[in-house]
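Asks: fold the stuff below for me.
(one chain, ligands or ions: 1)
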Amino acid sequence: MAFQFTDVIARKPAKSVVNGLRDGAGEDPDFDLFVGQHEHYLDALRRCEVEITLLEAQENFPDSVFVEDAAICFAEFAILTRPGAPSRFAEPATLKPALASCFARVVELPGNGYLDGGDVLLAGHEVFVGLSSRTNQAGIDALKTILIGSNYRVKQVTTPASILHFKTACGLLDNNTIFCTAMLAESGCFKGYELVLAIDGEEAAANLIRVNDYVIISAGFTKTRKLLEAKGYQVIEIATSEAAKIDAGVSCMSLRLALNGTG
Ligand code: CIR
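Replies: Numbers count the residues shown, from 1 in each chain. Purely as a prediction, here's the structure:
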């Protein structure tokens, strides 16, 4: 099952997170509030019954709390990415020991391309990868090379220019159901999947994660919560106001692992 996970890798926010990358000159996050919200995020994941490995903060890397961008975790192996932002280039190496203790095979993305994990949506054996300002063709081609001969197939799509990462606008709800913005749905990239469309004005809720029995969404999207509950999903809301100030949301603060081969 594409949404069943046993483990999560997360990293404590560094004090330097207040200098995290952002599009434009928005307000800095409040560090103490960020820490509190991150703790609630971890509590939500514990409710989903996953084992959490919490890594120490990395002051040299302001955005290192967003571990999702630095690796891609399949059921059988993990890939260290090559993040597209220069200040994030060295983040994948800092995840290697934790990943090596979970996976027999941890590979580095070959070549000189760039690929952010936030542009990769795993839907079972289908791997959606969005070309974006952080992920280029060479990065996607390198991922395809790694996956040759595996059960996984890459479906290349385009991340809309108005958002940072592909998963800013979508998340998996179950094996065949994707929650996404109307803009992404209109692009036709999810042909063959059931789609649940983000509600007008609540598009930011599309960056959700399904972990075992729960869907975790950003707090404040009341209509989205009702929509998901009406469809039978159990929803946990977590405040992400501080992460949002630096263009981040729910998915990016964890790597979700299926270590018993169910993924
Ligand atoms: C960045 O610009 O890289 C960070 N400030 C935010 C990364 C968010 N990552 C994600 O949504 N996968």
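
Asks: do you know the pLDDT at the closest residue to the ligand within the chain?
Replies: Proximity of the chain to the ligand (C-beta to the nearest ligand atom) peaks at G118, 2.4 Å away. Heads up, the C-betas are built off the backbone N, CA and C, glycines and all. Predicted confidence (pLDDT) at G118: the value is 98.

Asks: kindly list the main-chain dihedrals of A78?
Replies: phi -130, psi 150 (degrees, to the nearest 10).

Asks: what residues are bridge-paired with it?
Replies: C73, V106 (DSSP bridges).

Asks: correct me if wrong: it contacts S101.
Replies: No. Judged on C-beta atoms under 8 Å, A78 makes no contact with S101 at a distance of 10.8 Å.

Asks: higher neighbour count, those two?
Replies: Each of A78 and S101 has its neighbours counted (other C-beta atoms under 10 Å); A78 has more, 24 against 10.

Asks: phi, psi of the closest residue to L208 other than its chain neighbours?
Replies: Excluding the flanking residues, the one nearest L208 by C-beta to C-beta, 6 or more residues apart in numbering is G171, at 4.1 Å. G171 adopts backbone torsions of phi -160, psi 150, taken as degrees, to the nearest 10.

Asks: swap in K191?
Replies: phi -50, psi 130.

Asks: give me the number of residues near it?
Replies: 8.

Asks: one more: T177?
Replies: T177 has 18 neighbours, counted by other C-beta under 10 Å.

Asks: cool, V50 as well?
Replies: 21.

Asks: how about it: what's its closest non-neighbour residue?
Replies: Per C-beta to C-beta, 6+ apart, closest to V50 is V8, 4.7 Å.

Asks: touching the ligand at all, the strand or helix carrying that neighbour?
Replies: Here V8 sits within strand 7-11, counting by DSSP states H and E. No. Judged by C-beta under 6 Å from any ligand atom, strand 7-11 stays clear of the ligand, getting no closer than 12.5 Å.
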